[in-house]
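# I'll drop the sequence and a predicted model, then ask my questions.
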Amino acid sequence: MNNTIRHSRMSKFRWVICALLFLATTVNYMDRQVLSLTWKDFISPEFHWTDEHYGIITAWFSIFYAVANLFAGKFIDWMGTKKGYLIAIFVWSLGACLHAGCGWVAMQVEGYDSLEALRMVRAGSDAAVAIATISVFLFLSCRLVLAVGEAGNFPAAIKVTAEYFPKKDRAFATSIFNSGASVGALAAPAVIPLLARVCGWEMAFVIIGVLGFVWMGFWIVLYDHPYSSKYVNEAELNYIYQDETTENPEEVAKKEECEEKTIGLLKCFTFRQTWSFIVGKLFTDGVWWFFLFWAPAYFSDQYGYTSDSLMGIALIFTLYVIVTVLSIGGGYLPTYFVDKKGMNPYIGRMRAMLIFACFPVLGLLAQPLGQYSAWWPAIIIGLLGAGHQAWSANLYSTIGDMFPKSTIASITGIGAMAGGLGSFAINRGSGAFFTWAAAQGDAFTFMGFNGKPAAYMIVFSICSVAYLLGWSIMKALVPKYKPIVVE
């Protein structure tokens with residue numbers, strides 16, 4: 001009797017896998033955040049960086065990430081989810097740890113005996129320029145390794161989500177693991193500046209980087225394709241493959257794993273559905289990365305709250321609490337539209353994305369209300385970020401709606417490449433723009449703001465309208481649900 005009950009009750013191992021994806025994404029974003037939370041107050045004084053130097057590093061990281069994504073998806077499809085994900089997290093964890101050696105190498109190259117000696121060099125001197133140049137090059141080298149590894153995270157995670165969840169649940173599952181980006185960004189300001197203060201900025205990179213190696217052990221033990229997993233029973237397998245017409249989900253899974261045809265990389269670019277995803281990523285990823293990379297510096301520049309100050313930590317923490325809590329619910333909205341309103345998954349997803357595209361419009365108020373309190377931009381940027389994460393979860397899920405599972409990672413990689421290019425443009429442009437605007441001072445004005453605050457107002461305005469513009473183009477490219485069939 002007990003045996004019968006055990007086999008008839010559906011297992012829920014898919015949520016364990018979702019939890020692993022969540023943890024990997026959390027570590028991914030913590031590794032990415034270490035630099036943004038340490039450069040202004042810890043690294044910059046040693047290496048004589050300006051906003052433009054930091055903008056160069058973040059922009060080129062975006063390019064590295066974009067190019068790597070073009071191939072990462074195809075690599076995951078070719079290598080398989082288990083091995084591909086392991087290799088990706090190993091590479092990015094190694095890259096994260098390598099940042100710790102940049103100071104030592106800069107000392108050796110420039111002939112100084114301590115980091116304090118680097119710090120004491122006169123600002124603006126030839127020696128300071130040389131130190132800044134070599135250190136930027138060293139950090140770029142480490143960011144290259146980090147970007148190559150991190151490029152594998154989302155193609156692998158989206159592919160796993162398509163393996164373990166039916167279409168109607170994928171946006172919700174994606175929103176859960178994608179919230180790891182928010183949780184990573186939430187945990188980072190509470191942990192990383194304090195680590196940098198107590199242990200040194202170098203150890204902050206090492207300690208956070210090691211978390212990825214720990215995750216690898218859990219992945220090796222727990223992950224298998226659903227039909228091969230000892231933790232997935234027949235009831236759960238039937239639930240996972242409810243979208244299939246066959247009565248034997250195990251046969252579908254085996255065919256999917258071994259026989260399903262894939263689409264060549266160049267062929268992917270011939271579909272309007274691919275370009276719809278590209279547009280969605282190109283117009284919006286840069287907005288998220290801008291706030292991820294620049295929010296700590298923004299609160300330091302505009303309000304004087306350094307990343308390791310109590311107020312600075314509280315502002316960033318509050319921002320990402322809002323992102324984390326609200327974004328998860330956003331992934332459930334398409335499920336509501338499908339189950340309660342009878343829409344097909346793609347139409348429900350596009351309806352939800354239109355709603356989330358309106359959230360960033362609030363960004364227009366961040367600077368004006370920021371004149372009264374720093375809490376206003378923290379709250380507003382948090383709402384903008386929540387809209388982005390909910391948008392992103394649904395955007396990723398459109399791939400599973402329209403492409404065969406054998407090609408999901410490849411399309412994800414192509415779109416992530418476009419997102420990286422968008423991020424390069426906004427981060428490279430913002431760094432140079434902020435440095436220029438600060439030098440202009442009161443001579444540069446925009447909507448009542450002068451100097452660098454005026455530059456922030458302009459960038460916030462661009463970010464605010466990007467989602468509605470992106471959604472409109474996506475809808476024009478693919479007005480109706482039209483899946484790709486590989487013959």
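It's in.

# Which residue ranges of the stretch 51-200 of the chain form helices?
51-79, 81-98, 102-110, 115-120, 126-150, 153-164, 167-199 (DSSP state H, counting those that start in this stretch).

# okay, and the helix or strand of this structure with the least pLDDT?
The weakest-scoring helix or strand in the chain, judged by mean pLDDT, DSSP states H and E, is helix 2-8 (a mean of 43).

# what packs against the helix or strand immediately after that helix in the chain?
Sequence order places helix 13-38 as the next helix or strand after helix 2-8, per DSSP states H and E. Counting contacts by 3 or more C-beta pairs under 8 Å, 6 or more residues apart in numbering; DSSP states H and E, helix 13-38 is packed against helix 81-98, helix 126-150, helix 153-164, helix 167-199, helix 201-222, helix 234-240, helix 272-303. C-beta: built from backbone N, CA, C; applies to glycine.

# Asn28 against Gly152, yeah?
No - counting by C-beta atoms under 8 Å, Asn28 stays clear of Gly152, with 9.7 Å between them.

# more crowded one of these two?
Higher neighbour count among Asn28 and Gly152: Gly152, with 31 against 28, using other C-beta atoms under 10 Å.

# Per-residue pLDDT of the more buried one, please?
Looking at Gly152, its pLDDT is 90.

# Could you find the closest non-adjacent residue to it?
Ala88 (2.7 Å; C-beta to C-beta, 6 or more residues apart in numbering).

# if we can go back for a sec, need the residues touching each of Asn28 and Gly152.
Residues touching both Asn28 and Gly152 (C-beta atoms under 8 Å, 6 or more residues apart in numbering): Trp92.

# Poorly predicted segments of the chain, please.
1-8, 244-261, 328-332, 334-335, 338-339, 486-487 (pLDDT under 70).

# tell me the centre residue of it?
Residue closest to the average C-alpha location in the chain (C-alpha atoms, centre = their mean): Ala181, at 5.9 Å.

# so how far is His48 from the spatially closest residue to that residue that is not a sequence neighbour?
Spatial nearest neighbour of Ala181, chain neighbours left out: Tyr29 (4.7 Å); criterion: C-beta to C-beta, 6+ apart. Remark: distance between Tyr29 and His48 (C-beta to C-beta, to the nearest Å) = 28 Å.

# quick one: Thr407 and Ile263 touch, right?
Yes - assessed by C-beta under 8 Å, Thr407 is found in contact with Ile263 at 4.5 Å.

# Between the two, tell me which one has more neighbours.
Higher neighbour count among Thr407 and Ile263: Thr407, with 26 against 19, using other C-beta under 10 Å.

# Can you name the residues that contact that one?
Each residue near Thr407 by C-beta under 8 Å, 6+ apart is listed here: 77, 262-263, 268, 484, 486.

# Now compare the residues you listed and name the two farthest from each other.
Using C-beta to C-beta, the contacts of Thr407 span at most 14.7 Å, a distance reached by Asp77 and Ile484.

# Looking only at neighbour counts, state which of those two leads.
Neighbours were tallied for Asp77 and for Ile484 using other C-beta under 10 Å; the higher tally belongs to Asp77 (25 against 15).

# Contacts only, for the more buried one.
By C-beta under 8 Å, 6+ apart, Asp77 lies in contact with 155, 159, 262, 406-410.

# Quick check: end-to-end length of stretch 299-316?
Its first and final residues considered, stretch 299-316 spans 9 Å by C-alpha to C-alpha, to the nearest Å.

# I would like the residues contacting it, please.
If you take C-beta under 8 Å, 6+ apart as the criterion, stretch 299-316 is touched by 37-38, 40-41, 185, 188-190, 192-194, 196-197, 295-296, 370, 374-375, 378, 452-453, 456.

# What subset of these is buried?
By neighbour count, with 16 or more other C-beta atoms under 10 Å, the contacts of stretch 299-316 hold 37-38, 40-41, 185, 188-189, 192-193, 196, 295-296, 370, 374, 378, 452-453, 456 as buried.

# Could I get the buried residue list for the helix or strand containing Lys452?
Using DSSP H and E, Lys452 sits in helix 451-477. In terms of neighbour count (16+ other C-beta under 10 Å), helix 451-477 has its buried residues at 451-461, 463-464, 466-467, 470-471, 474, 477.

# how much does that helix deviate in direction from helix 51-79?
Relative orientation of helix 451-477 with respect to helix 51-79: 30 degrees, computed using axes from the mean of the first three to the mean of the last three C-alpha atoms, to 10 degrees.

# other SSEs contacting helix 451-477?
Here helix 451-477 touches helix 272-303, helix 345-357, helix 366-370, helix 375-402, helix 408-440, strand 445-446, going by 3+ C-beta pairs under 8 Å, 6+ apart.

# Tell me which of the ones you listed is the most buried.
Greatest average neighbour count among the helices and strands packed on helix 451-477 goes to helix 375-402 (a mean of 26), per mean count of other C-beta atoms under 10 Å.

# Run through the neighbouring helices and strands of it.
helix 153-164, helix 167-199, helix 272-303, helix 310-341, helix 345-357, helix 366-370, helix 408-440, helix 451-477.

# Let me know the angle separating the fourth one from helix 13-38.
This means helix 310-341. Relative orientation of helix 310-341 versus helix 13-38 (the same axes, to 10 degrees): 150 degrees.

# tilt between helix 310-341 and helix 375-402?
Counting by the same axes, to 10 degrees, helix 310-341 lies at 40 degrees to helix 375-402.

# Could you do the first one as well?
What separates the directions of helix 153-164 and helix 375-402 is an angle of 50 degrees, with the same axes, to 10 degrees.

# Now helix 153-164 - C-alpha only, CSV.
Extracted C-alpha coordinates of helix 153-164, given in CSV (Å, rounded to 0.1, in the frame of the first residue of the first chain):
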residue,chain,number,x,y,z
ASN,A,153,24.7,30.4,-17.0
PHE,A,154,21.5,31.6,-18.7
PRO,A,155,21.7,29.3,-21.8
ALA,A,156,22.1,26.3,-19.5
ALA,A,157,19.5,27.4,-16.9
ILE,A,158,16.9,28.2,-19.6
LYS,A,159,17.6,24.8,-21.2
VAL,A,160,17.2,23.0,-17.9
THR,A,161,13.9,24.9,-17.2
ALA,A,162,12.6,23.7,-20.6
GLU,A,163,13.6,20.1,-19.7
TYR,A,164,11.9,20.1,-16.2
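
# which residues sit against that helix?
Helix 153-164 has contacts (C-beta under 8 Å, 6+ apart) with 14, 17-18, 21, 24-25, 28, 69, 72-73, 76-77, 81, 84-85, 88-89, 92, 170, 173-174, 177, 223, 225-226, 240, 396-397, 399-400, 405, 408-410, 412-413, 416.

# May I have the phi/psi pair for Lys12?
For Lys12, the backbone dihedrals (degrees, to the nearest 10) come out as phi -130, psi 40.

# which residues touch it?
Glu236.

# Likewise for Ser461?
363-364.

# Thanks a lot, catch you later.
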